[in-house]
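[1] Quick one: sequence and predicted model below, then my questions.
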Amino acid sequence: MRNRPRVQKYLYSSFLTALLCCLLCLSPARADAEVVSSTELMERCRFYDGKMVTYRGEVIGDVMIRGEHTWINLNDDPYGTRRGRGSKGLAGYNRGQSIWCKANDVKDITYTGDYRHSGDIVEVTGIFNRACPEHGGDMDIHAIKVDLIKSGHRVSHPFNIRRALIALVLLMISGGLFTINRLKVRKHEGRG
Amino acid sequence: MILRPHLSDFKTIGFYSGKIIMGIGLLMFVPLAVALIFKEWNPSFDFLIGIFSCFSVGLFLQIICYTEKDLSWMHGMVVASFSWLLAMILGAIPHYLSGHFGSYLDSCFDLMSGYTTTGLYLLQDLDHISHALNMWRHLLTYAGGQGIIVIALTFLFRGTAGAFKMYVGEAKEERLLPNVIQTARAIWLVSLSYLVVGSLALWIIAVWEGMPVVRGLLHGIWVFMGAWSTGGFAPQSYNIGYYHSLPFEIVTMIIFIIGSFNFALHWAVWTGDKREIYRNIEVISFFITLMVTFSLATVGLMKLGVYPHVIDIFRKGFYQVVSGHTTTGFMTIYSRELVRQWGSLAMVGVTMAMAMGASACSTAGGFKGLRMGIIFKALMQDIKRIISPESSVVVQKFHHIRDIVLEERVVRAALLIVLCYIGSYSLGTIIGTYYGHPFVQAMFDAVSAGSNTGLSCGVTSPTMPTLMKIVYIFEMWVGRLEFVSIFALAGFIFAVVRGK
């Protein structure tokens, strides 16, 4: 009778271990514990297909809610973490991946990337599909977990006074040319 | 003997080119208004600089080249090709000032791509550009689709006999109405009517699919402009894949198919002749070649087991093939998916579709359905001649707005232009292969540039060599103007150098 709690404890821990093993076996294979890039997902799409991946990027454009789920587009290019805008920080095309997740999981997203904003950086863990059967063959990630890593911010575009002055000078030049042209046309019409 | 052009020839060309440049300046008021509405101050300065630069150059040319002389055929052709180059250089000012381009050449590339309704781009960080710049990109394709000379004819010309020669120089030969300026206005009437209906439809879908009202409206207008003009520019780097919406895909596909039809066909239908849709040689040719190329792409996709369901093959495959065939360039897949998933056979199917293109006198590029139809009819005529008695006269006809007897000169002209297109595609392919790209990929992007399509498998990028960028710009330019006016410009330059 004294051994009963010990046996119970033993059975309980054995059950938990077996359950964990089953979960690990039944869950989709995890390709890598590290964060994968969109380039890697694209170039090795057949390898990652159907596997659990972790992906991180800037939320771009719009959070498009569809019922209980939502689409977000995450860019993992360097532009998300850039402070300002301008030709100095150019790093090629945007690169990203579309994410299908629960609408509740994106409640914390405040900023989405556009001209005025750097979007929130989020990390998603989910199943990668190179041709999703649920979404008409789209390449996407069905997220199981969405974590906000870094909040986005408003991007300032300081007023460019030099350009305003150039525009003013060009306005005056074209105004002068317009007047000369009108006079010339009138002169010729008068002759005609 | 080649005669050296007279000073009056330069004056005529300069004067009319100046007028067209003024038209580009006027067009920039639209993105300027968008910049002011959304309080995008720096982009508004970029557009003011662009507008006044165009006005300054345009007025300067009109003052120093003032003439009352009308255009000859040579003048009209040279004005068409030269003004497109000038419009590219001046129109690129707001692009370059936006800070999203690695060089001025890259900005010019995007401008030429826009005017020619190609859709390839070297703009970097598209997802963070201003509304004003996005409006300018899409307006370029919309205006370029109708033709920048059509714009000038609509607003800036009072009706000269030579106007038709410039209009033809821009690869449009159909006169919808007796007067060319009325024709230009009719083209705008058709396009603006579709703009209202199409943008409204896309706006409703965008909002339904979860986009905010204002952004949905802007995206609706921009995507319509990209679709109708068979341009292929989209406001986000994910292109049409951004929306993840089947209704959006269906509506865009309807718009770019309609947009790829001949303006003469549109006008015939508008004026009550609905039977023209079923009888026109271009429509028949388009659907036959579409089925052939789609079948090829489908076999390629099925062979590699790219998509799990047949419906997915249709959704992805058909969209990309139609987009290529109408020379639109919208994509619902990532560029690199073509290489990593689709494989060579499906890519060849899309390449063939792009090369053939859609209708003549439309916003589309490529060989054109009319020429494909004419060549096919000529082949049929030759086969009939072989199997008919020697004494018989074989007459072949085709229907394009009216029944036309197939003549040798028509076949010769069609074959010559197709040959020029093949030359242009080959040039791009050779350059791409020279820089180390696999043949199929080099050919895909070269044909895309030459046929003004805009689909890319990843060869086109801001980091590609300068020579490749120049060759692609050249391909887009000659492809859109259909060679004749480019030959006229080359002849004019030759006459300046070697003439007596």
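    Noted; the coordinates are in hand. Residues are numbered from 1 along each chain as shown, chains lettered A, B, ... in the order given.
[2] Quick check, central residue of chain A?
    In chain A, the centroid-proximal residue (CA atoms, centre = their mean) is A:Leu74; its distance is 1.5 Å.
[3] In the sheet, which residues pair with it? Tell me.
    On the basis of DSSP bridges, A:Leu74 is bridged to A:Val59, A:Gln97.
[4] who are the neighbours in contact with it?
    A:Leu74 is in contact with A:Tyr55, A:Arg56, A:Gly57, A:Glu58, A:Val59, A:Ile60, A:Gly96, A:Gln97, A:Ser98, A:Ile99, A:Val122, A:Val124, counting by CB atoms under 8 Å, 6 or more residues apart in numbering or on different chains. C-betas here are computed from N, CA, C, even on glycine.
[5] can you rerun that using 7 Å?
    A:Tyr55, A:Gly57, A:Glu58, A:Val59, A:Ile60, A:Gly96, A:Gln97, A:Ile99, A:Val122 (CB atoms under 7 Å, 6 or more residues apart in numbering or on different chains).
[6] Among those, list the two that are farthest apart in space.
    Farthest pair in the contacts of A:Leu74 (CB to CB) is A:Tyr55 and A:Ile60. Separation: 13.6 Å.
[7] Which of those two has more residues huddled nearby?
    Legend: neighbour count by other CB atoms under 10 Å in any protein chain shown for A:Tyr55 and A:Ile60, higher for A:Ile60 (28 against 23).
[8] Touching, that one and A:Asp76? I think so.
    No. Counting by CB atoms under 7 Å, A:Ile60 does not reach A:Asp76; the two are 10.5 Å apart.
[9] Overlap of the contact sets of the two?
    With contacts defined as CB under 7 Å, 6+ apart, the residues adjacent to both A:Ile60 and A:Asp76 are A:Gly96.
[10] quick one: the helices in chain A?
    Assigned by DSSP state H, the helices in chain A fall at A:4-26, A:38-43, A:45-48, A:161-191.
[11] could I have the second one exported to PDB, CA atoms only?
    Just to be clear, that refers to helix A:38-43. Taking Å, rounded to 0.1, in the frame of the first residue of the first chain, the C-alpha atoms of helix A:38-43 are listed here in PDB:
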ATOM      1  CA  SER A  38      12.100  33.800 -47.800                       C
ATOM      2  CA  THR A  39      15.000  33.300 -50.300                       C
ATOM      3  CA  GLU A  40      15.800  29.900 -48.700                       C
ATOM      4  CA  LEU A  41      12.100  28.900 -48.700                       C
ATOM      5  CA  MET A  42      11.900  29.800 -52.400                       C
ATOM      6  CA  GLU A  43      15.100  28.200 -53.500                       C
END
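[12] Kindly confirm my reading that B:Pro235 is in a strand.
    No. Going by DSSP: H, G, I helix; E, B strand; the rest coil, the assignment for B:Pro235 is coil, not a strand.
[13] In contact with it, which residues?
    By CB under 7 Å, 6+ apart, B:Pro235 lies in contact with B:Asn134, B:His219, B:Trp222.
[14] May I have the beta-bridge partners of A:Lys102?
    When assigned by DSSP bridges, A:Lys102 has beta-bridge partners A:His69.
[15] Against chain B, how distant is it?
    Counting by CB to the nearest CB, to the nearest Å, the gap from A:Lys102 to chain B is 14 Å.
[16] right, and that residue touches A:Glu68 too?
    Yes. Between A:Lys102 and A:Glu68 a contact is recorded at 6.4 Å, counting by CB under 7 Å.
[17] Looking at the two, which is more packed in?
    Legend: neighbour count by other CB under 10 Å for A:Lys102 and A:Glu68, higher for A:Lys102 (13 against 8).
[18] Which pLDDT value belongs to the more buried one?
    Note for A:Lys102: predicted pLDDT of 96.
[19] Name the residues of the stretch 151-300 of chain B found near chain A, please.
    B:Glu209, B:Gly210, B:Met211, B:Pro212, B:Arg215, B:Gln236, B:Ser237, B:Tyr238, B:Gly241, B:Tyr242, B:His244, B:Leu246 (CB under 7 Å from any CB of the partner chain).
[20] Show the contacting residues for the second one.
    By that I understand B:Gly210. Contacts of B:Gly210 by CB under 7 Å, 6+ apart are A:Asp62, A:Met64, A:Ile65, A:Arg66.
[21] Ok, the fifth one next?
    Contact analysis of B:Arg215 by CB under 7 Å, 6+ apart lists A:Asp62.
[22] Identify the residue nearest the geometric centre of chain B.
    With distances taken as CA atoms, centre = their mean, the residue of chain B nearest its centroid is B:Thr117 (3.3 Å).
[23] ok, and the closest non-adjacent residue to whatever residue of the stretch 301-450 of chain B ends up closest to chain A?
    Relative to chain A, the nearest point of the stretch 301-450 of chain B is B:Asp312 (3.5 Å; CB to the nearest CB). The shortest distance from B:Asp312 to any non-neighbouring residue, by CB to CB, 6 or more residues apart in numbering or on different chains, is to A:Gly137 (3.5 Å).
[24] I'd like the distance between the one you found and B:Phe52.
    According to CB to CB, to the nearest Å, A:Gly137 stands 49 Å off from B:Phe52.
[25] between the two, which one's more packed in?
    Neighbour tally, A:Gly137 and B:Phe52, criterion other CB under 10 Å: the higher count belongs to A:Gly137, 27 against 24.
[26] so the residue nearest to B:Asp312 makes contact with B:Val310?
    No. Judged on CB under 7 Å, A:Gly137 makes no contact with B:Val310 at a distance of 10.7 Å.
[27] Where does the prediction get shaky in chain B?
    B:148, B:151-178 (pLDDT under 70).
[28] Domain map for it?
    Domain assignment of chain B by automatic domain parsing yields the ranges B:7-175, B:277-464.
[29] Tell me which of these is the most buried.
    Of all those, domain B:7-175 has the most neighbours on average by mean count of other CB atoms under 10 Å in any protein chain shown, namely a mean of 23.
[30] need the helices for the stretch 401-500 of chain B, in chain order.
    Counting by DSSP state H, counting those that start in this stretch, the stretch 401-500 of chain B has these helices, from start to end: B:408-434, B:439-450, B:466-481, B:484-498.
[31] Now render the ones you listed as TSV, adding distance to B:Asp9.
    Shown next, in TSV, are those (distance: least, CB to CB, whole Å):
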stretch	distance to B:Asp9
helix B:408-434	25
helix B:439-450	30
helix B:466-481	20
helix B:484-498	8
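[32] Make CSV out of the ones you listed and add distance to chain A.
    CSV is the format used below for the helices of the stretch 401-500 of chain B (distance: least, CB to the nearest CB, whole Å):
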stretch, distance to chain A
helix B:408-434, 18
helix B:439-450, 14
helix B:466-481, 14
helix B:484-498, 25
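[33] Out of the ones you listed, flag the one nearest A:Val185.
    Of the helices of the stretch 401-500 of chain B, nearest to A:Val185 by CB to CB is helix B:484-498, at 26.7 Å.
[34] contacting residues around that closest one?
    With CB under 7 Å, 6+ apart as the test, helix B:484-498 has contacts from B:Ile2, B:Leu3, B:Arg4, B:Pro5, B:Met74, B:Met77, B:Val78, B:Ala80, B:Ser81, B:Phe82, B:Gly169, B:Val478.
[35] Same list (the domains of chain B) but as a markdown table, adding distance to B:Ala227.
    Converted to a markdown table, those look like this (distance: least, CB to CB, whole Å):
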| stretch | distance to B:Ala227 |
| --- | --- |
| domain B:7-175 | 10 |
| domain B:277-464 | 6 |
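[36] quick one: which of those domains is nearest B:Ser191?
    When these are compared for distance to B:Ser191 using CB to CB, the nearest one is domain B:7-175, at 5.7 Å.
[37] chain center to that closest one, what's the gap?
    In terms of CA atoms, centre = their mean, to the nearest Å, the centre of domain B:7-175 is found 15 Å from the chain centre.
[38] How about stretch B:267-279?
    In this view, stretch B:267-279 has its centroid 24 Å away from the chain centroid, taken as CA atoms, centre = their mean.
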